[in-house]
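Q: Mind folding the following:
(chains A, B, C and D, ligands or ions: 4)
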2 protein chains.
Amino acid sequence: MEQRIERIKKQLHSQSYKLTPQREAVVRVLLEHEEDHLSAEDVYMLVKEKYPEIGLATVYRTLELLTELKIVDKINFGDGVSRYDLRKEGATHFHHHLVCLECGAVDEIQEDLLGDVEKIVEQRWKFDIKDHRLTFHGICHRCNGR
Amino acid sequence: MEQRIERIKKQLHSQSYKLTPQREAVVRVLLEHEEDHLSAEDVYMLVKEKYPEIGLATVYRTLELLTELKIVDKINFGDGVSRYDLRKEGATHFHHHLVCLECGAVDEIQEDLLGDVEKIVEQRWKFDIKDHRLTFHGICHRCNGR
DNA sequence: TATTGTTATGATAATCATTATCATTTGACA
DNA sequence: TGTCAAATGATAATGATTATCATAACAATA
Ligand SMILES: [Mn+2]
Ligand SMILES: [Mn+2]
Ligand SMILES: [Zn+2]
Ligand SMILES: [Zn+2]
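A: Ligands and ions are numbered 1, 2, ... in the order given. As a prediction, this is how the structure comes out:
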């Protein structure tokens, strides 16, 4: 955790941004909820527990900054809010998601299953892929198992 | 075109909805812009040309209805608006998209490239896939060709 | 150390896409 | 023709995000 924060700090510095206490508090919340898909409001609530004087605007600004630096990915599951997803360290691609239509759970696939597909797209469509988004909608194993 | 509308009419009737003049006007605009990815506001503007007395709320309601019936897919490319994408007739899957980071163009891949990937996901994650969303972000062939 | 300039912050107002409300209209049917 | 449910259009309300602006933090410099 501390090392992870240290590396994020370096990433910020390399673009001449500072890791202010507010920014660090936001990053800590994201790290502590790595599995989840928090909205800005979610992050705000959680940060306030440890850092009550933070402002909502600062949370939005920090999340925007982290998105720019590709430390988090901003994603939209179709409910009205953007959600923020910490990128696994060293991950070159955005992981995939499984959204359950029954219970609403969002599971993650960390493995990259798109290697072959991307080769085809690059060749046939002459498209230079930088990133991707892949989400499956269906029934999760928990809801199915009955 | 007329036959396509006729079939959509039947689809509505089968769920005991009517194809009102307003709804038909919306469907016509979608058909005339099959390649595009129109927002509700876009659709509203275009429908007004032929049907000036239509209300914005009706456009939203119609698009919602068409989404429910899986005649269109609602998609979000990360600018602040939802966009509506007519499903190709008989298509069982939502087609894929190529978003150019340079010029902003959105191209489509009608072919389903996810067959093998979906088999793996269904088996390994015990997830019953009903639909998917796949978008690639990168540089399109036009921007790359220079 | 005092001064200056830049960056970040927090409170709050503004924006804007979408949804809710409600009176009115339409059209099917008795 | 009268009745009823569904659909519509105008408009208000909502709610997430962004803009604004005065203040704070802080580094660099004199
Ligand atoms: Mn995720
Ligand atoms: Mn499309
Ligand atoms: Zn489930
Ligand atoms: Zn391009």
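Q: contacts, neighbours, all on C-alpha from now
A: OK.
Q: residues near A:A25, how many?
A: 21 (other Cα atoms under 10 Å in any protein chain shown).
Q: I figured it hits A:Y51, correct?
A: Yes: assessed by Cα atoms under 8 Å, A:A25 is found in contact with A:Y51 at 7.2 Å.
Q: for the helix or strand hosting A:V59, which positions count as buried?
A: Using DSSP states H and E, A:V59 sits in helix A:56-68. By neighbour count with 16 or more other Cα atoms under 10 Å in any protein chain shown, helix A:56-68 contains the buried residues A:L56, A:V59, A:Y60, A:T62, A:L63, A:E64, A:L65, A:L66, A:T67.
Q: May I see these arranged in a markdown table, with distance to DNA strand C and pLDDT as well?
A: Output for the buried residues of helix A:56-68, formatted as a markdown table (distance: Cα to the nearest atom of the strand, whole Å; pLDDT from 0 to 100):
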| residue | distance to DNA strand C | pLDDT |
| --- | --- | --- |
| A:L56 | 6 | 97 |
| A:V59 | 7 | 98 |
| A:Y60 | 9 | 98 |
| A:T62 | 6 | 98 |
| A:L63 | 10 | 98 |
| A:E64 | 11 | 97 |
| A:L65 | 9 | 97 |
| A:L66 | 11 | 97 |
| A:T67 | 14 | 96 |
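Q: tell me the two of those residues that are most distant?
A: A:L56 and A:T67 (16.7 Å; Cα to Cα).
Q: residues in contact with stretch A:25-32?
A: A:M1, A:I5, A:V43, A:L46, A:V47, A:K50, A:Y51, A:V59, A:T62, A:D85, A:L86 (Cα atoms under 8 Å, 6 or more residues apart in numbering or on different chains).
Q: nearest to ligand 4, of these?
A: Using Cα to the ion, A:D85 comes nearest to ligand 4 of these, at 26.7 Å.
Q: Just the residues contacting the helix or strand hosting that closest one, thanks.
A: For A:D85, the element it lies in under DSSP H and E is strand A:82-86. If you take Cα under 8 Å, 6+ apart as the criterion, strand A:82-86 is touched by A:30-31, A:34, A:36-40, A:63, A:71-77.
Q: Just name the closest of those to B:K10, please.
A: Nearest member of the contacts of strand A:82-86 to B:K10, counting by Cα to Cα, is A:F77, at 30.7 Å.
Q: Is any residue of the helix or strand harbouring A:V47 near DNA strand C?
A: According to DSSP H and E, A:V47 maps onto helix A:40-50. No: shown here: helix A:40-50 not in contact with DNA strand C (Cα under 7 Å from any atom of the strand), separated by at least 9.7 Å.
Q: Help me see whether that helix makes contact with chain B, please.
A: No: against chain B, helix A:40-50 shows no contacts by Cα under 8 Å from any Cα of the partner chain, the least distance being 15.2 Å.
Q: Next, see if that helix gets close to DNA strand D.
A: Yes: Helix A:40-50 lies within reach of DNA strand D by Cα under 7 Å from any atom of the strand, at A:A40, A:E41.
Q: ditto for stretch A:79-91
A: Yes: interface with DNA strand D: stretch A:79-91 contributes A:G80, A:V81, A:S82, A:R83 (Cα under 7 Å from any atom of the strand).
Q: How many neighbouring residues does A:F136 have?
A: Quick note: A:F136 (other Cα under 10 Å) scores 23 neighbours.
Q: Give me the secondary structure label for the residue nearest to it when sequence neighbours are not counted.
A: Using Cα to Cα, 6 or more residues apart in numbering or on different chains and skipping residues adjacent in sequence, the residue nearest A:F136 is B:H132, 4.3 Å away. Using DSSP: H, G, I helix; E, B strand; the rest coil, the structure places B:H132 in strand.
Q: My read is that B:H132 contacts A:L101, right?
A: No: applying Cα under 8 Å as the test, B:H132 and A:L101 come out as separate, 11.9 Å apart.
Q: higher neighbour count, these two?
A: B:H132 (19 against 16).
Q: ok so, going back, output the strand holding A:D85 as CSV, nothing but the C-alphas.
A: Provided in CSV are the C-alpha atoms of strand A:82-86 (Å, rounded to 0.1, in the frame of the first residue of the first chain):
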residue,chain,number,x,y,z
SER,A,82,-19.4,7.9,-13.8
ARG,A,83,-17.4,5.4,-11.8
TYR,A,84,-13.7,5.2,-11.2
ASP,A,85,-11.7,2.1,-11.4
LEU,A,86,-8.1,1.8,-10.3
